[in-house]
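A.B. asks: Quick one, structure for this:
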Amino acid sequence: MNKAMTGVVQFDLQPQAVELRELPVPSIDEDDVLLEVGAVSVCGSDVHQYHNTHSWPVRVPVVLGHEFCGRVAQTGARVREFREGDRVVSETAASICGRCLYCRTGEYNLCPHRAGFGYGRNGAMAEFVRVPERCLHHIPDTLPFERAALTEPCCVAYTAVAVKSHIRPGDIVVVLGPGPIGLLCAEMARLAGAGTLIVSGTSRDKARLAAAHSLGVTHAVDCEETNLGELIRGLGDGLGADLVIDAAGASAALRQALEIVRPGGQITKVGWGPQPLGFSLDPLVQKAVCLQGSFSHTFKNWEKVVMMLANGQINLEPVISRVAPLEDWQQCFERMHTGEYVKAVLEP
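C.D. replies: All right, here's what the predicted structure looks like:
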């Protein structure tokens, strides 16, 4: 095996402080595998780190990329469930304490000491990545790497919609923010039986709203041209949406969610944003709304989503805009930032 590889590295906490660098191939411990990366998809968080607009701590220098899959190239001495050549997909919790209440009860996504690939530990925008065995899931030969690389965002959406939220057939569901997570939340809501499914964005989201149409949503709305509140008041009994998923993260999105949700309804917030609220939360009380956050995912949800992807149950065709070599990372980042690409997948 070569001793060197190339990787996309964030080297400073400044805008555009990311570049392609030559790196040593990582060494592994007894409980790790060395994974030859088959594909890694670009997340909005990678783009935020590229522009230094993220709202989470980042350890630099760090190899970006946390949505990935590949083949096992080498196994540690204590690895038992995987062998060289196995096709796998990896979770994102690269480091957890293993001792806290959350780790011991299977909610390791909430471990206070959790560090993820791509910000707290080197990620997968490289030819090889070191991965703990506990992060891995087998994938079938019939699931292409470029689709398997989207398992992680599918798991984020599955957890937010199918686990944290409650959808009954016929419900009015609104997704604010048509980025990849928002679109995948819409896809999960469709699978869960939403009756009226609305995805809302802005004029810069033209390609993303087109993707929402392709996913079969009822309405893909440019909120700069259409009054979302009036649209929702004209549906059903006019009392509002049963569920609003805030996948935008901006404070204005949460304020809009409180305006359009029905009394006794739900708001699930999955989008990140560092801005202060700057508005009253009284509607939350007045409407007796359930407001909750949803973060990351757990082993059980990964197993479910891998099976759904393998069966072709999740439609990814409108979401994957481009599959590109690792050398084209910057163009992919920029075009996702402008909204021209919904999702780009890199192949190291």
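A.B. asks: So, low pLDDT: which residues of the stretch 1-150 of the chain?
C.D. replies: Along the stretch 1-150 of the chain, segments meeting pLDDT under 70 span 1-2.
A.B. asks: Please enumerate the helices of it.
C.D. replies: All helices of the stretch 1-150 of the chain, identified by DSSP state H, counting those that start in this stretch, fall at 44-51, 101-104, 145-148.
A.B. asks: tell me how far the second one is from the chain's mean position?
C.D. replies: If I follow you right, that is helix 101-104. 23 Å (CA atoms, centre = their mean, to the nearest Å).
A.B. asks: Please report how far the spatially most central residue of the chain lies from residue 316.
C.D. replies: Nearest to the mean C-alpha position of the chain, counting by CA atoms, centre = their mean, stands residue 153 at 3.1 Å. Taking CB to CB, to the nearest Å as the measure, residue 153 falls 10 Å from residue 316. Every C-beta, even on glycine, is put in place using the N, C-alpha and C of the backbone.
A.B. asks: With residue 96 instead?
C.D. replies: For residue 96 relative to residue 316 (CB to CB), the value is 28 Å.
A.B. asks: Deepest in the core, which of the helices of the stretch 1-150 of the chain is it.
C.D. replies: Neighbour counts (mean count of other CB atoms under 10 Å) averaged over each of the helices of the stretch 1-150 of the chain peak at helix 145-148, with a mean of 23.
A.B. asks: That one packs against which elements?
C.D. replies: Identification of packing neighbours for helix 145-148 by 3 or more CB pairs under 8 Å, 6 or more residues apart in numbering; DSSP states H and E yields strand 32-41, strand 67-75, strand 87-90, strand 320-325, strand 343-347.
A.B. asks: hang on, the residue nearest to the centre of the chain in a helix?
C.D. replies: Yes. With DSSP: H, G, I helix; E, B strand; the rest coil as the criterion, residue 153 is part of a helix.
A.B. asks: now the farthest one out in the chain, which residue is it?
C.D. replies: Using CA atoms, centre = their mean, the residue of the chain lying farthest from its centre is residue 237. It sits 33.2 Å away.
A.B. asks: what's the helix or strand for it?
C.D. replies: Under the assignment given by DSSP states H and E, residue 237 is not contained in any helix or strand.
A.B. asks: Just the pLDDT for it.
C.D. replies: For residue 237, the pLDDT comes out at 96.
A.B. asks: was I right about residue 316 contacting residue 149?
C.D. replies: No. Residue 316 is not in contact with residue 149 according to CB atoms under 8 Å; the separation is 9.8 Å.
A.B. asks: These two: which is more packed in?
C.D. replies: Using other CB atoms under 10 Å as the criterion, residue 316 and residue 149 rank with residue 149 on top: 29 against 21.
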